[in-house]
Structures are given as C-alpha cells and as structure tokens.
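A.B. asks: sequence and predicted structure are below.
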Amino acid sequence: MPSIVFKDVTYSYVNNGESFPALEDVSLEIGEGEFLCLVGHSGCGKSTMLSLIAGLARPTRGEVLIGGEPVAGPGPDRSIVFQSYSLFPWQTALRNVMFAIRKTDRKASKGQARTRALELLGQVGVGDAADRYPFQLSGGMRQRVAIARALAIDAPTMLLDEPFGALDPMIRRKLQLLLLDLWKGACCKTAVFVTHDIDEALILADRIVFMEPRHVVRSFELPRGRSRDPEALASDPAVRAVKDEVLALFEATATGGEDA
Amino acid sequence: MTAWRKKAAAGGAAGAGSAAGASVAACAAAGAPAPAGEAAPHKFVTASFLVATVMFAALLVAIAVPGKVTPRTSVPFYVAAALMEALFLWRYVAGGKKRSTCHIAIVVWALLIVWEVASTDLKLTHPVLIPIPENVFAVFPKLYDELALNVASSMALLAQGFITALVAGYLVGLFVGWVPQLREAVYPIAHVLAPVPAIVFAPYLVMLLPSFKMAAVAVIFLGIFWPTLLGTILRVESMDHRIVESARMLGLTTPEMIFQVLLPFMYPTIAQGLKTQLPSAMLMLVMAEMYGATSGLGYFVINYTNYANYTNVVAGIIMVGVVVTVLDGLVSLLVRKTVKWSE
C-alpha cells in the first residue's frame, strides 16, 4: 500500500516575477515502510520533492498525498534531517532532542523526555556530548544528534536531504550503517533519502529513483535482504546491474545538462 | 622650563628605577595616596608601561608645582588621578591587552598634562572658557548631591524609554517578521520612519506632552523603537531557513515559534546590539533634557552653560562619560554572562 503519492505534480518557483519550473508532471508512489533514495544531479528537483512531502512547499499543480490525504503543511508526522546546521544552536544536544520530544508528544513530562533523549543520543553514539552546544560538536556528531532528533519525533515518515553530504567518507559510511540499523529497529518507517552519491544509495535503498531535471526517469528495485558490506555489494550481480544502469543515466543526463 | 619637564625627561632616560622613584617622590611630595601596586612584577614592565608611569609622575608634579593660577584645592584632582592610575594598574595586571591599556593611559595622561600645564601652570588659556582641572574635579565632591540626583533622574528616564522601546521593538519585530502579511504592510512604514532622527521630535514633544519626563521618555522610545523594529524584521526574514524549517516540522504554534525559536536564536545579536543602542539612547536623553527639563545630566550641563559656569559644565560632561562607560561595562557583563553559544 503506497504511503506517499505524487499525482502529476508540477512545482515552479518565482524569481523576479519570472517563473521557473523545478518539477513537471511528476508521478511517483512510495510504499509504506520503504527506504527510497532519490538520486540525480544537483538541481534536478530531488530536494524539491522532499520539500513537497514535508509540506514546506506547495505544488503549483497536482497533489502530494500522504496516506490518502493531501499534504496541508509541515507537521510532526514527518521528520526531516538536512545536510547541515539545522540543530538549534542555542540548545545543547540533549535540549535539542528534548525539545523535539516535548513538542511532538505534549503529554511527555520533562523527566520522560530527558530519559528518552539520553537513550536516543546513546543509540547514535553521542551520549557523552549531551551537554555540549552544536558549535562545540564536529560535523559528524551534529548529524548524529540531528538523526537522534528526527527519531525523537517518532514520525512514520523520515525525510533526509543529503544528511551525510558534508562528512568525510569514513564517518559517512559509519552513519549510513547506523541510520540503516535505526531504521530497521524502528520498524516500518517510510524513509525518503536524497543523495547524489550512487554508492550511498546502493547501501541504503530498497528502491532507487533516478531523476533528471524536473522529471522522474526510472526506478530500480534492490534486493531487500542483501549484505551491506562494500565488497559483498560490489560482487552482488543484481546490485552491480543497478549501479551500471544508474551510472549510465548519470552520464547521459550530465551531457544533456551541459547542452542546456 | 618648568621642573616637571626636567624630572620627566630624567625619569625617561634613566629607566625603571628612577621612574618609580620619581613617581613615589611626587606622590609623597603632594601628599596624595600612593596608588596600589606601583611596583608591578618586573616581567610585566614594558617600555609603554614605563612611559605611562613617567607621565603619571609628571602629571602629579605638574599639579604640585605652584602655577600662575592658584586653585582652592588640588586634592580632588589628585584623587581622580590616583583612581585613574589604580584603574590602569588593575587593567594592566589583570587584563589581557597590556599594550593597548598602556597606550590609553599615555593618551589620557598627555591630555591631562596639557590641560593642567596650559591652564593652571602657564595660564595660556581663556580663564572662563577653559576651567582649570583642579576646579573641575573639585565639583564632584562639592556638588555630590546635585550630581547624584541628576544621574538618578536621567537613569530613571533612560530605563523607562530604553526598556519599553526595546521590548516593544523586539516583540513587534518578531511578530511582524514572522507573519508575511504583516511584514508587507509594516516594513515599508518602518523603513521610512526609522531614519528620521528622533531628536527632531524633541522640542515638539516637550510642548505636546503634559510633562517633560514623558517627552524625554517618548524621544528615547522613538529613537530606539523604529531601528530596533526594522532590524528585527530584517533578521527574522534572513534567518537560516533550515532552522526555521526544522522548527516548522515540529508543528509549533506561532507563540512557540516566536518565543522558543526566533527569540532565543536572536538573543546574542539582541544583547550585542545593546552596546550600540545604549549610547544612542543616552544621546537622545541628554539632548531631550536640554529642552525644558528641570533635572538630569543634560539639564545640569545646559543650566550651568546658561550661567557661564564652565567648570560645572566640564564636570557634567565628564560625569556623562563616566555614566555611559559604566552602563557599557554592565552591558558587556550581561553579554558575557548570558550568551553561551555561537554559531
């Protein structure tokens, strides 16, 4: 059963009175509990797709449905992780997570929120840094806290906009596996993950959706129970086939992009 | 050639030992309290420190030397100089910026020496327009009550105008900045009104409002409110959208958004902003007090200007400087104690 549906969605943004299309007649269905990666070159509309699901932007035409209902605006049934610096800089790591808990679960007492927040920070491996402010944390630690905050909201849908884009490869790999673990642990959340890194998508996704500017081009299913070890992924013929096809699409759209 | 010059030159040439000696001798000769910590540890002693110390000694000598004008008493001037020296030594020993501390001291001593020598010692200056420093500093103990009352009166007006303008400016600014429809209506109005110098309203407001105090508060309010409003609207608008969007995803109400997200995010800029807003509030207060007031620092200065008592006028100006400096120090303290994060 699909949980998120794009129905002929067009989105244009207006700049200096001129309107620029970011998405044109996009239709897509995302299944409940699915981990979907949106890949494509920068500026192809991946992040716009995410903003539309989040309700931070409204479609110009068409509609985005979640569980059959059109998206009315941002709300705590969806959590979001951005590439960087979306933590509240005036709060410690612990307070950031507690704030999210108490605002989305208004019945939670301060003590309960604190316990839960510490537990989440422990799960993402920054329990020791609970009392530090974001400016005192490294990029990787900040993103760990951001993931803890997203999990704290306990929303059925998680939206991730290149959350590991600014991190170095070692930390990136660690956080990808951590995210995957947490996603499996908190069973059946729908995850939409935007990236332009094909290897990241191959590790994380149940399904990869490739976008060229303004359009969804193709979608590729990946074997669900596969090993996430880099070598096993490289030697898995099904994964290899997807990787080759997506790389070919990347190359094809790159030339198209340069012509335009 | 006066004695102080010879002595200062000798001290400068002979180095630390004789400089300290000269200073101590001057203190003893004048009977003024010797400033604490004169013998600073040797590793602290730099060339600028020596120059500053020699100049302090030179000033004491210049006060002690009988000049063409004989003041009634020199004691308040000695006390003021000793306080300044104590402050300098404290900053020098405890503070981090030793060199700039010395340079500030050198400039201050140079100005005081020039003033003292030109007015008291040599009588080169106009006897009425340029009061001698001894008399100016003597005003503080003499008119202690009057000054204290005027400072209190000024501070009461400042607090009322400044605080209400800040609270109103930030609250309205946050609301207006956050709600797009309000922003479109209010921003252009604020943009036109903010640059009108509030002081042009002062004479009119004094006529218009029932009491002078109300008028002064209103002038400060106008001078602080519009720029604060304008700045706040702009800052809300240009706030990092990731932070705003993260907050919106939590489904916050508008008051929660304003008081739990926008306000704490802006607090450091607000606190820092006080440092520039406070002097402009002080400016408007003193200007306002110069029209039709019957108390306050501005009144003190304008009143004695009207009586051509420039000794009191200069003392009043120094008092304004001291008050502004103290307030600025309090704001710095507030910023240090309450701003715990940076971006």
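C.D. replies: That came in fine, so what should we check first?
A.B. asks: and the host helix or strand of residue A:243, how far from the chain's centre?
C.D. replies: Counting by DSSP states H and E, the element that carries residue A:243 is helix A:237-259. With C-alpha atoms, centre = their mean, to the nearest Å as the basis, helix A:237-259 stands 21 Å off its chain's centre.
A.B. asks: with stretch A:166-183 instead?
C.D. replies: 13 Å.
A.B. asks: likewise for stretch A:85-98?
C.D. replies: 19 Å.
A.B. asks: contact partners of that stretch?
C.D. replies: With contacts defined as C-beta atoms under 8 Å, 6 or more residues apart in numbering or on different chains, stretch A:85-98 is touched by A:80, A:99, A:110, A:113-114, A:117-118, A:120-121, A:126, A:129-135, A:137, A:141-142, A:145-146, A:148-149, A:152, B:240, B:242-243, B:245-247, B:261, B:264-265, B:267, B:340-343. To be clear about C-beta, it is placed using only N, CA and C from the backbone, and glycine gets the same treatment.
A.B. asks: could you report the neighbour count for residue 186?
C.D. replies: I'll assume chain A. Look at residue A:186: counted by other C-beta atoms under 10 Å in any protein chain shown, it has 13 neighbours.
A.B. asks: the chain in question should be chain B.
C.D. replies: 19.
A.B. asks: in terms of helices and strands, where is the residue nearest the centre of chain A?
C.D. replies: In chain A, the centroid-proximal residue (C-alpha atoms, centre = their mean) is residue A:160; its distance is 1.8 Å. Taking DSSP H and E as the criterion, residue A:160 maps to strand A:157-161.
A.B. asks: I'd like the average pLDDT over the next helix-or-strand element following that strand.
C.D. replies: Downstream of strand A:157-161, the next assigned helix or strand under DSSP H and E is helix A:169-185. Helix A:169-185 shows a mean pLDDT of 88 in the predicted model.
A.B. asks: could you dump helix A:169-185 to PDB, C-alpha only?
C.D. replies: What follows is helix A:169-185, C-alpha atoms only, in PDB (Å, rounded to 0.1, in the frame of the first residue of the first chain):
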ATOM      1  CA  PRO A 169      33.900   9.100   3.800                       C
ATOM      2  CA  MET A 170      34.800   7.100   6.900                       C
ATOM      3  CA  ILE A 171      32.300   8.900   9.100                       C
ATOM      4  CA  ARG A 172      29.800   8.900   6.300                       C
ATOM      5  CA  ARG A 173      30.000   5.100   6.000                       C
ATOM      6  CA  LYS A 174      29.500   4.700   9.700                       C
ATOM      7  CA  LEU A 175      26.500   6.900   9.800                       C
ATOM      8  CA  GLN A 176      24.900   5.200   6.800                       C
ATOM      9  CA  LEU A 177      25.100   1.800   8.600                       C
ATOM     10  CA  LEU A 178      23.900   3.400  11.800                       C
ATOM     11  CA  LEU A 179      20.900   5.000  10.000                       C
ATOM     12  CA  LEU A 180      20.000   1.700   8.400                       C
ATOM     13  CA  ASP A 181      20.200  -0.100  11.800                       C
ATOM     14  CA  LEU A 182      18.000   2.500  13.400                       C
ATOM     15  CA  TRP A 183      15.500   2.500  10.500                       C
ATOM     16  CA  LYS A 184      15.200  -1.300  10.800                       C
ATOM     17  CA  GLY A 185      15.000  -1.100  14.600                       C
END
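A.B. asks: contacts for it?
C.D. replies: Identification of contacts with helix A:169-185 by C-beta under 8 Å, 6+ apart yields A:35, A:123-125, A:139-140, A:143-144, A:147, A:151, A:158, A:160, A:163-164, A:167, A:189, A:191, A:200, A:203-204, A:228, A:230.
A.B. asks: now, those that are in strands?
C.D. replies: Of the positions in the contacts of helix A:169-185, A:35, A:158, A:160, A:191 sit in strands, assigned by DSSP state E.
A.B. asks: can you pick the most crowded of those?
C.D. replies: residue A:160 (27 neighbours).
A.B. asks: is that one in a bridge, and if so with what?
C.D. replies: residue A:81, residue A:193 (DSSP bridges).
A.B. asks: quick check: it vs residue A:28, distance?
C.D. replies: Distance, residue A:160 to residue A:28, by C-beta to C-beta, to the nearest Å: 17 Å.
A.B. asks: go on, residue B:79?
C.D. replies: 82 Å.
A.B. asks: burial of residue B:169, as a residue count?
C.D. replies: Around residue B:169 there are 24 residues (other C-beta under 10 Å).
A.B. asks: ok, and for stretch B:287-297, which residues are buried?
C.D. replies: B:287, B:288, B:289, B:290, B:291, B:293, B:295, B:296, B:297 (16 or more other C-beta atoms under 10 Å in any protein chain shown).
A.B. asks: pLDDT of it, averaged?
C.D. replies: On average, stretch B:287-297 scores 85.
A.B. asks: what's in contact with it?
C.D. replies: So stretch B:287-297 is in contact with B:149-151, B:153-154, B:157, B:199, B:202-203, B:205-206, B:212, B:215-216, B:219-220, B:285-286, B:298-299, B:301-302, B:316, B:319-320, B:323, going by C-beta under 8 Å, 6+ apart.
A.B. asks: give me the helices and strands touching the lowest-mean-pLDDT helix or strand in chain A, please.
C.D. replies: The least trusted helix or strand in chain A, going by mean pLDDT, DSSP states H and E, turns out to be helix A:237-259, with a mean of 79. Contacts defined by 3 or more C-beta pairs under 8 Å, 6 or more residues apart in numbering or on different chains; DSSP states H and E place helix A:237-259 against helix A:198-204, strand A:207-212, strand A:215-221.
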